[in-house]
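**Student:** Predicted model and sequence below, questions to follow.
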Amino acid sequence: DVKVTQSSRYLVKRTGEKVFLECVQDMDHENMFWYRQDPGLGLRLIYFSYDVKMKEKGDIPEGYSVSREKKERFSLILESASTNQTSMYLCASSLIGTGLYNEQFFGPGTRLTVL
Amino acid sequence: AQKVTQAQTEISVVEKEDVTLDCVYETRDTTYYLFWYKQPPSGELVFLIRRNSFDEQNEISGRYSWNFQKSTSSFNFTITASQVVDSAVYFCALIAPGGDYKLSFGAGTTVTVRA
C-alpha cells in the first residue's frame, strides 16, 4: 500500500512564525502535491512537483513556498504565517507511469492553527 | 477552464437508506478522468474510483455504484443500504488537459448516517 505521511496532525503557530510542513511518501512516486482544505471550498492546490528540485505553482501559491530535495520528501513552507492560513493541509503523491491521469494518494493531513 | 460542482452540502440519512451524491463537471476536453474520494473523520482522503471519459458503463463495487452520463456531464455516486461507517465527506474530482492535468475538486458533500 502507498503510504503518505505528514510530520504533524495538529500544529499551532503564532502570526509571523516560519512554519514547515513535511510530507514523505514511500512508493517512489514522481509527483507530489500540497493542498489546503477549507469548508465549502473543497481542496485547493497550492504547489506541486513533478521531480526532485522541480516545483510548479498551483491555484493559490501566495504566501507559500515549497522544497523538494529528495524524491520522497516534499515540504511546504509558510514564510510568515498569518491567521488566514489557518486550515487543513493535505499532501498527496501519484505516479506518472503511462499517463497523466493517475489517482493521487493522500496523507492524513495537518490541521494548522495560526494565532 | 474546468469545474466540478457538488450541489449537496450535507446529506443526513438513517442507516440502511440509500443515498445518492450528485457531481456535475465542466470541461472542454474530450479526454478526461473523473474520481471520487472519501474523507472519513480521521482526515485522510481515500481513493474510491477513477473513470475515463470514454467509458460510460456504470460500475458497482459492493454497496457503492457510480452512474456516469456524458450527456448531462454528471458522475453520480450511490451508497446502497448505508451504514454508520459511510459517514464521511465525499469529493468528486476531475483531471483534464485543459486544467494542466491538475486535479480539480468539488466542494464536497458531507454524509451523516444515523443509527
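**Tutor:** All right, it came through fine.

**Student:** And A:L43, how close does it get to B:Q69?
**Tutor:** Note on A:L43: its distance to B:Q69, by C-beta to C-beta, to the nearest Å, is 24 Å. The way it works is simple: take the backbone N, C-alpha and C, and place the C-beta from them, glycine included.

**Student:** Hmm, I typed the wrong one, I wanted B:I79.
**Tutor:** Distance from B:I79 to B:Q69, by C-beta to C-beta: 18 Å.

**Student:** who's more crowded, the two?
**Tutor:** B:I79 (23 against 11; other C-beta atoms under 10 Å in any protein chain shown).

**Student:** list the contacts for the more buried one?
**Tutor:** Neighbouring residues of B:I79 by C-beta atoms under 8 Å, 6 or more residues apart in numbering or on different chains: B:D18, B:V19, B:T20, B:L21, B:R63, B:Y64, B:D86, B:V111.

**Student:** my guess is the second one meets B:S12, correct?
**Tutor:** Put plainly, it is B:V19. No: using C-beta atoms under 8 Å, B:V19 is not in contact with B:S12, being 9.2 Å away.

**Student:** what residues are shared contacts of those two?
**Tutor:** Common contact partners of B:V19 and B:S12 (C-beta under 8 Å, 6+ apart): B:V111, B:V113.

**Student:** Those two - which one has more neighbours?
**Tutor:** Ranked by neighbour count (other C-beta under 10 Å), B:V19 and B:S12 place B:V19 first, with 20 against 12.

**Student:** what is that one paired to in the beta sheet?
**Tutor:** Beta-bridge partners for B:V19, by DSSP bridges, are B:I79.

**Student:** Contact distance from chain B - what residues of chain A qualify?
**Tutor:** Counting by C-beta under 8 Å from any C-beta of the partner chain, chain A comes close to chain B at A:9, A:33, A:40-45, A:48, A:58-59, A:88, A:90, A:92, A:100-101, A:103-109, A:111.

**Student:** make it 10 Å
**Tutor:** Within chain A, the positions lying close to chain B (C-beta under 10 Å from any C-beta of the partner chain) are A:2, A:4, A:6, A:9, A:31, A:33, A:35, A:37-45, A:48, A:50, A:56, A:58-59, A:88, A:90, A:92, A:94, A:99-111.
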